[in-house]
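> this is the structure alone, sequence omitted:
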């Protein structure tokens, strides 16, 4: 059902009524009530609840559910403000935000899926800590999704003779699937959305590096201590390793490394090169550098599919279901978030004024730690990409101001979205992917609330320390 929405929109845009003008009536967020945010809330709550309460139903119908919430917004929006306005707003969001977002995720998922780590690594505390550190470092350059998919299976193989291995997967989600992706727009979806809003490529590298380093050091030291304790508790002699030893440890699919570098180069190009040309597509102006970036990234993904031996992807257990789910769900998210963004842009004049009051002082000054914790907690409970957009716009949405005078606010929003996506299984897309792979390998992973107990016990104290060191407490 969801796949028919673009066709419907294109048909609408081709009608004479739409062709009268390429610009729809601009809707002022101050005129919108919170009721317009219900489809967005319904979309996010569906993502949070259905996989846990009705997993079989969700697996077969998540696209229909996303389409339902998208149409729940679009139909009354078009009836209230006109088909032309609804179509213009939808195409603007699709062409400038959704498509670049999903193209990058698709490319990173595809190219990283062509990299295969071979060989049997023995999961001692030192080896496991080194694997986590490596994945954390890689996450900012090949994405949390890419790093998770490349390294989770080698990590599980390394520990398949261990009695205690749940903690290894949990710390992997903390570090590789979330915190490690904080330094570039390639690392985590929220930061790429910020890049699309105009945040400079290396802005988070320079502004979040100290916070990231503190968290990584704390968690790696804690993991090493815990793994040493559990490793010693397993005793000796050690169980027979079910994975046969191999003469060497290696990496196959090396052709994908220059392709990944090509993705990085394309992103950098779009941020540094500002040509004077572009193209208007159905009333939305797409800048030339962004159009070229997306074309290059798609070509690189196709090259990965053509040049990577099929055997490598088969041994990697590569399939398209994870990226299909992300594409469909985020189509619903980006559609239903349209009125929410408009309301937030209205600031204290809009229906979100109480939320504005929570993150600002009585004289209107933003509160760093409130932005950090509110962005973070909602990122863990909902999803960190749309949550980042919500608070980015709540902070005014002026990228020059947020990178300059209010840089601490943007750092708080960015850090909260990326770091606290690790609070639950649903905070970031790779979390669920890693969970599924671990369970498929026979790891007795904790339930949703069991995982939350781990994150509350380990992450929350770390975040409190981070807040005290970098954002201060009033």
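Looks like it came in fine. On a predicted model such as this, the values are computed, not experimentally measured, just so you know. Numbers count the residues shown, from 1 in each chain.

> number of nearby residues for residue 213?
Using other Cβ atoms under 10 Å, residue 213 has 11 neighbouring residues. In this view, the C-beta of every residue, glycine as well, is placed from N, C-alpha and C.

> so residue 435 is in which element?
Using DSSP states H and E, residue 435 falls within helix 429-440.

> check the secondary structure at residue 325 for me.
Under DSSP: H, G, I helix; E, B strand; the rest coil, residue 325 falls in the helix class.

> re the thing from before, go through the next helix-or-strand element following the helix holding residue 435 and flag the buried ones.
Once helix 429-440 ends, the next helix or strand along the chain (criterion: DSSP H and E) is helix 448-466. Across helix 448-466, burial judged by 16 or more other Cβ atoms under 10 Å covers 451, 452, 454, 455, 458, 459, 462, 463, 466.

> in a markdown table: the residues you listed, plus distance to residue 412.
Converted to a markdown table, the buried residues of helix 448-466 look like this (distance: Cβ to Cβ, whole Å):
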| residue | distance to residue 412 |
| --- | --- |
| 451 | 25 |
| 452 | 23 |
| 454 | 24 |
| 455 | 19 |
| 458 | 21 |
| 459 | 16 |
| 462 | 16 |
| 463 | 12 |
| 466 | 10 |
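
> and the helix holding residue 435, what does it pack against?
On a contact count with 3 or more Cβ pairs under 8 Å, 6 or more residues apart in numbering; DSSP states H and E, helix 429-440 meets helix 125-158, helix 166-175, helix 321-336.

> just the angle between the longest one and helix 166-175, please?
Orientation note: helix 125-158 sits at an angle of 100 degrees relative to helix 166-175 (axes from the mean of the first three to the mean of the last three Cα atoms, to 10 degrees).

> in helix 125-158, what's buried?
Across helix 125-158, burial judged by 16+ other Cβ under 10 Å covers 125, 128-129, 131-136, 138-158.

> and the last one, by the same measure?
Of the residues in helix 321-336, those scored as buried under the neighbour-count criterion (16+ other Cβ under 10 Å) are 322-323, 325-336.

> which of those residues lies closest to residue 315?
Using Cβ to Cβ, the shortest approach to residue 315 within the buried residues of helix 321-336 belongs to residue 322, at 17.3 Å.

> in contact with the nearest residue to the closest one once chain neighbours are set aside, which residues?
Leaving aside its sequence neighbours, residue 322 sits nearest to residue 433 (Cβ to Cβ, 6 or more residues apart in numbering; 5.3 Å). Each residue near residue 433 by Cβ atoms under 8 Å, 6 or more residues apart in numbering is listed here: 145, 148, 149, 322.

> for the buried residues of helix 321-336, give me CSV that also has distance to residue 373 and pLDDT.
As requested, the buried residues of helix 321-336 are arranged in CSV below (distance: Cβ to Cβ, whole Å; pLDDT from 0 to 100):
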residue, distance to residue 373, pLDDT
322, 29, 80
323, 31, 82
325, 29, 83
326, 26, 80
327, 30, 87
328, 31, 90
329, 25, 86
330, 25, 85
331, 29, 92
332, 27, 92
333, 22, 87
334, 25, 88
335, 28, 93
336, 25, 93
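
> what residues of stretch 226-238 count as buried?
For stretch 226-238, a neighbour-count test (16+ other Cβ under 10 Å) marks 226, 227, 230, 231 as buried.

> so which of the residues you listed belong to helices?
Of the positions in these, 226, 227, 230, 231 sit in helices, assigned by DSSP state H.

> wait, isn't the third one in contact with residue 168?
No - checked against Cβ atoms under 8 Å, the pair residue 230 and residue 168 is beyond contact range at 9.2 Å.

> by average pLDDT, which secondary structure element in the chain comes out worst?
Every helix and strand in the chain was compared by mean pLDDT, DSSP states H and E; the lowest is helix 16-19, with a mean of 44.

> now the element after that one, going C-ward?
Counting by DSSP H and E, what follows helix 16-19 is helix 38-53.

> what's the first helix or strand after that next one?
As assigned by DSSP H and E, the chain's next helix or strand after helix 38-53 is helix 55-81.

> just want the angle from the helix or strand just after that following helix to helix 321-336.
Remark: after helix 55-81, the chain's next helix or strand is helix 83-93, criterion DSSP H and E. Here helix 83-93 runs at an angle of 140 degrees relative to helix 321-336 (the same axes, to 10 degrees).

> quick one: the helix or strand just after helix 83-93 to helix 83-93, angle?
Going down the chain from helix 83-93, the next helix or strand is helix 99-112, by DSSP H and E. Angle between the axes of helix 99-112 and helix 83-93 is 30 degrees (criterion: the same axes, to 10 degrees).

> residue 177 is in contact with residue 422, correct?
Yes - counting by Cβ under 8 Å, residue 422 touches residue 177, with 7.0 Å between them.

> give me the common contacts of these two.
Residues touching both residue 422 and residue 177 by Cβ under 8 Å, 6+ apart: 428, 431.

> so where is the chain shaky, pLDDT-wise?
1-25, 237-248, 382, 472-474 (pLDDT under 70).

> and if we set it to 50?
The model of the chain has pLDDT under 50 over residues 1-2, 4-23.

> picking up where we left off before, quick one: closest of the helices and strands packed on helix 429-440 to residue 60.
Within the helices and strands packed on helix 429-440, the stretch nearest residue 60 is helix 321-336; the backing value is 11.5 Å (Cβ to Cβ).

> give me the distance from the helix or strand that that closest one is followed by to the chain's centre.
The C-terminal neighbour of helix 321-336 among helices and strands, as given by DSSP H and E, is helix 338-345. Distance of helix 338-345 from its chain centroid, counting by Cα atoms, centre = their mean, to the nearest Å, is 20 Å.

> counting contacts, what elements does helix 338-345 pack onto?
Looks like helix 338-345 contacts helix 55-81, helix 83-93, helix 384-394 (3+ Cβ pairs under 8 Å, 6+ apart).

> just those: most buried one?
Highest mean neighbour count among the helices and strands packed on helix 338-345 (mean count of other Cβ atoms under 10 Å): helix 384-394, with a mean of 26.

> closest to residue 172 out of the buried residues of helix 321-336?
residue 322 (16.4 Å).

> how far away is that closest one from residue 354?
Here the criterion is Cβ to Cβ, to the nearest Å. By it, residue 322 lies 37 Å from residue 354.

> give me the contacts around stretch 167-177.
Identification of contacts with stretch 167-177 by Cβ under 8 Å, 6+ apart yields 123, 128, 132, 135-136, 138-139, 144, 147-148, 151-152, 155-156, 159, 162, 216, 219-220, 223, 226-227, 230, 422, 428, 430-431, 434-435, 438, 443, 445-446, 451, 454-455, 458-459.

> one more: stretch 316-328?
With Cβ under 8 Å, 6+ apart as the contact definition, stretch 316-328 has outside contacts at 2, 62-63, 66, 102, 105-106, 109-110, 113-116, 149, 153, 429, 433, 437.

> next: stretch 127-138.
If you take Cβ under 8 Å, 6+ apart as the criterion, stretch 127-138 is touched by 121, 146-148, 150-151, 154-155, 158-159, 168, 171-172, 175-176, 179-180, 216, 220, 223-224, 227.

> residue 409 contacts residue 395, correct?
Yes - in this structure residue 409 lies within contact range of residue 395 using Cβ under 8 Å: 5.2 Å.

> contacts only, for the residue nearest the centre of the chain.
Nearest to the geometric centre of the chain sits residue 189, at 3.4 Å (Cα atoms, centre = their mean). By Cβ under 8 Å, 6+ apart, the contact set of residue 189 is 101, 105, 384, 385, 428, 429.
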